[in-house]
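Colleague: quick one, fold the following:
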Amino acid sequence: MLSDKKNLARFQEPILDDLKRFRASYKETLQSGLKVIDSVVAYLTRSHGKGLRPTLTLLCAKLGTNVLNEGSIRAAVIVELLHEATLIHDDVVDESDKRRGLPSLPARFKNKVSVLFGDYMLANVLTETLDTRDLRFLDILSQTAKRMSKGELVQAAKSKRLDLTEAEYLTMISDKTAALFSACCRMGGLTGGLSEEHIESAGKFGEKYGTAFQIKDDLLDLFGDGGLTGKPIGGDLKERKLTLPLLGALSKVSPREARRIRARIRKGVRRRDIKQITEFVETSGGRQYAEDVMRREAGEAIKAVSNLPNSPIRETLIELVSYSISRRR
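Modeller: The predicted structure is shown next:
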C-alpha cells in the first residue's frame, strides 16, 4: 500500500508549483541567520508533515483563480506557522518524545528551546499577517488562535477530572482542530477572490472536515498502526484524554462499569491496560459510534463544499474528505 503522503500527493497535483513556492517561502520566513534558530528550522523542515493545511488553503484559493498570487502563498505560510507552533507547544505540554516517527523538538532540543522557538513561530504569524495589510486576515487568525487555545485548555482541565461529555468533546475538537481547518479555507478563498457567500461556505466546509479529521485521529490513536502513525498506540489514554470512541463506549455500559473504566485511566494506564481498554471500546460499540459521527461530519463537509463553484478543484476537495476518513495515518 502507498504511504499516506503519496496518497495525499494526488490531491496536491493541481497546486504542485504553488506548494513549491510555499515551501521556499516558509523556510525563508523562519530563517534568521542565528545558529540557534536555523538549526531548529533545518530539523523542523526535514521532518515536515503532509502539508494538509497549506494544501487546503491553496486549493480553496484555486477555486477562485487559476493563477495564485503571493497573498495565497503567504496565507499558506501563516497557517502552517500557527499549526507547527501549536504542535511544538503540545509536545512540551504532553511530554511527547515522538513526532512523525522522529524525536520531537523537545526530545531533540529540550523544552526551553522548543517553547521559545514555538513563540518565535507565533511572532512570525503576527508579522506575516500584518504584512498582508488586510484586517480580515487578522480577524480570522486572532479568532482562530483564541479558539485553539481554549480547546487545548479545556482538554488539559478535563484530563484531570475525566468528566468530559460528548457535547464538550465535540466543542473542544471544533476549537482545537477544526477552527484552523476553517481558517485555511476562508483565507484561501479570500486570497482567491471568492465571494463572501462562498468564503462562508468554504469556512463551514473546513469546520466540518476538521471535526471529522480529528475523530479519525482519535480512532487511529486506539486502533491504528503505530508504525504508520509514527505515534505509540494509546497515547491519548496515557495522557488521560477522553476521546469519542471511549466516550461512546462509556455511554453504552452501566454507570458502575463506566466508573470502573474511568478509575483505571485515572490511576495511569500501562501497555496491558491499553490493550484491554481498546478491546472494551471495540466490544462496547464505541468504535462504531465514533465512526458513525465521523461519517456524519464528513457528509456535512461535502454538503458545504457543494455550495462552492463547480470545478475540478471542488471535486478534489470532496475526494480529500473521503480519503481523510479512510486513511491509515
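Colleague: ranges for the helices of the stretch 201-329 of the chain?
Modeller: 226-229, 235-238, 244-250, 255-267, 271-283, 286-305, 312-324 (DSSP state H, counting those that start in this stretch).
Colleague: need the winner for burial among these.
Modeller: Most buried of the helices of the stretch 201-329 of the chain, by mean neighbour count (mean count of other C-beta atoms under 10 Å): helix 244-250, with a mean of 24. C-beta: built from backbone N, CA, C; applies to glycine.
Colleague: ok, now which ones touch T132?
Modeller: Contact analysis of T132 by C-beta atoms under 8 Å, 6 or more residues apart in numbering lists G71, R74, A75.
Colleague: check whether E80 really touches S25, as I assumed.
Modeller: No. With contact defined as C-beta atoms under 8 Å, E80 and S25 do not form a contacting pair (9.9 Å).
Colleague: and the two? Which one has more around it.
Modeller: A side-by-side neighbour count of E80 and S25, using other C-beta atoms under 10 Å, places E80 first with 25 against 17.
Colleague: you'd agree that one is in a strand?
Modeller: No. Using DSSP: H, G, I helix; E, B strand; the rest coil, the assignment for E80 is helix, not a strand.
Colleague: residues in contact with stretch 86-100?
Modeller: Residues from elsewhere that reach stretch 86-100, judged by C-beta under 8 Å, 6+ apart: 47, 49, 103-107, 111, 114-115, 117-118, 121, 148, 152, 156, 230-232, 235, 239.
Colleague: give me that answer again for 7 Å
Modeller: 47, 49, 103-107, 111, 114-115, 117-118, 148, 230-231, 239 (C-beta atoms under 7 Å, 6 or more residues apart in numbering).
Colleague: where exactly do the strands run in the stretch 1-150 of the chain?
Modeller: Secondary structure of the stretch 1-150 of the chain (DSSP state E, counting those that start in this stretch): strands located at 98-99, 102-103.
Colleague: strand partners (parallel or antiparallel) of the first one?
Modeller: Put plainly, it is strand 98-99. strand 102-103 (antiparallel) (DSSP bridges).
Colleague: what mean pLDDT does the strand it pairs with get?
Modeller: Here strand 102-103 scores 88 as its mean pLDDT.
Colleague: hmm, who's touching that strand?
Modeller: S47, D97.
Colleague: mind redoing it with 6 Å?
Modeller: Here strand 102-103 makes contact (C-beta atoms under 6 Å, 6 or more residues apart in numbering) with S47.
Colleague: sorry, back to before: which one of the contacts of stretch 86-100 has the most neighbours?
Modeller: L105 (26 neighbours).
Colleague: one step back: a markdown table please, covering the contacts of T132 and showing pLDDT and neighbour count.
Modeller: Converted to a markdown table, the contacts of T132 look like this (pLDDT from 0 to 100; neighbours: other C-beta atoms under 10 Å):
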| residue | pLDDT | neighbour count |
| --- | --- | --- |
| G71 | 96 | 18 |
| R74 | 98 | 21 |
| A75 | 98 | 34 |
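Colleague: nearest to P54, of those?
Modeller: A75 (8.7 Å; C-beta to C-beta).
Colleague: just to revisit the earlier point, among the strands of the stretch 1-150 of the chain, show me which one is buried the most.
Modeller: By mean count of other C-beta under 10 Å, the strands of the stretch 1-150 of the chain have strand 98-99 as the most buried, with a mean of 18.
Colleague: distance between it and the chain's centre?
Modeller: Put simply, strand 98-99 sits 15 Å off its chain's centre (C-alpha atoms, centre = their mean, to the nearest Å).
Colleague: for the record, mean pLDDT for it?
Modeller: The average pLDDT within strand 98-99 is 84.
Colleague: just stretch 153-165 next, same as before
Modeller: 90.
Colleague: likewise stretch 221-229?
Modeller: On average, stretch 221-229 scores 86.
Colleague: Q214 is nearest to which of the strands of the stretch 1-150 of the chain?
Modeller: Of all the strands of the stretch 1-150 of the chain, strand 98-99 comes closest under C-beta to C-beta, at 17.0 Å.
Colleague: from L219, how far out is L246?
Modeller: 11 Å (C-beta to C-beta, to the nearest Å).
Colleague: swap in Q155?
Modeller: 17 Å.
Colleague: repeat for T171
Modeller: In this view, T171 and L219 are 19 Å apart by C-beta to C-beta.
Colleague: of those two, which one has the most company?
Modeller: Neighbours were tallied for T171 and for L219 using other C-beta under 10 Å; the higher tally belongs to L219 (20 against 15).
Colleague: dump the residue contacts of that one.
Modeller: Taking C-beta under 6 Å, 6+ apart as the test, what L219 contacts is P245, A290.
Colleague: about what we covered before: between the contacts of stretch 86-100, which is closest to L194?
Modeller: M148 (23.8 Å).
Colleague: pLDDT (mean, whole number) over stretch 205-214?
Modeller: On average, stretch 205-214 scores 99.
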